[in-house]
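>>> got a predicted structure here, sequence first:
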Amino acid sequence: MRAYDRSPDTLKIWELHFAGHSVREIEAELGFKFGKINSALRRGRESGVIPPRRNERPLRMQVDGTQSYMRLGSISFIVNSLNLDQMHWLAAEIRTCGCETVSEFILELVRDAHANEEVKNG
């Protein structure tokens, strides 16, 4: 359990979030900066007070005439699921290949894997 109480600002942000307000609406209503609101919501998710965000918009693609759907997920889920050794490896690989972000690195991994598959299958 926490050794200190949440600030009144954080509690008000959470209250408006649970009432269905967007970050921009909370920003306008309370006059807080966007970063403060996002930070309060992140802390709420990390502490389990606010459920994790779910990307409800599926990726839609057509393959061989068949419509396929898959959820997008998030880069945060990937990073938060890595252990410390894996994080160090990821950071080193990102620097080595000259990428600036984790998502850019994952894009390159997918492109490389696809190119290798095309070479393998002719």
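Done, it's in.

>>> in whichever helix in the chain runs longest, what counts as buried?
Among the elements of the chain assigned as helix by DSSP state H, the one spanning the most residues is helix 102-121. Buried residues in helix 102-121, counted by 16 or more other CB atoms under 10 Å: residue 105. Every residue, glycine included, has its C-beta placed from N, CA and C.

>>> just how off-centre is it within its chain?
Taking CA atoms, centre = their mean, to the nearest Å, one finds the center of helix 102-121 at 21 Å from the center of the full chain.

>>> mean confidence score for it?
Computed over helix 102-121, the mean pLDDT rounds to 90.

>>> quick one: list the elements packing against that helix.
The elements that helix 102-121 packs onto, with contact taken as 3 or more CB pairs under 8 Å, 6 or more residues apart in numbering; DSSP states H and E, are helix 75-80, helix 84-97.

>>> could these go into JSON lines alongside mean pLDDT and mean neighbour count?
Shown next, in JSON lines, are the helices and strands packed on helix 102-121 (pLDDT from 0 to 100; neighbours: other CB atoms under 10 Å):
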{"stretch": "helix 75-80", "mean pLDDT": "88", "mean neighbour count": "12"}
{"stretch": "helix 84-97", "mean pLDDT": "93", "mean neighbour count": "12"}
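
>>> could those helices go into JSON lines alongside distance to residue 51?
Conversion of the helices and strands packed on helix 102-121 to JSON lines gives the following (distance: least, CB to CB, whole Å):
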{"stretch": "helix 75-80", "distance to residue 51": "14"}
{"stretch": "helix 84-97", "distance to residue 51": "25"}
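
>>> coming back round to it: ok and the longest helix of the chain relative to helix 84-97, angle-wise?
Going by axes from the mean of the first three to the mean of the last three CA atoms, to 10 degrees, helix 102-121 is angled at 80 degrees with respect to helix 84-97.

>>> distance check, the nearest residue to residue 87 once chain neighbours are set aside against residue 19.
Leaving aside its sequence neighbours, residue 87 sits nearest to residue 79 (CB to CB, 6 or more residues apart in numbering; 7.3 Å). When distance is defined by CB to CB, to the nearest Å, residue 79 is 30 Å away from residue 19.
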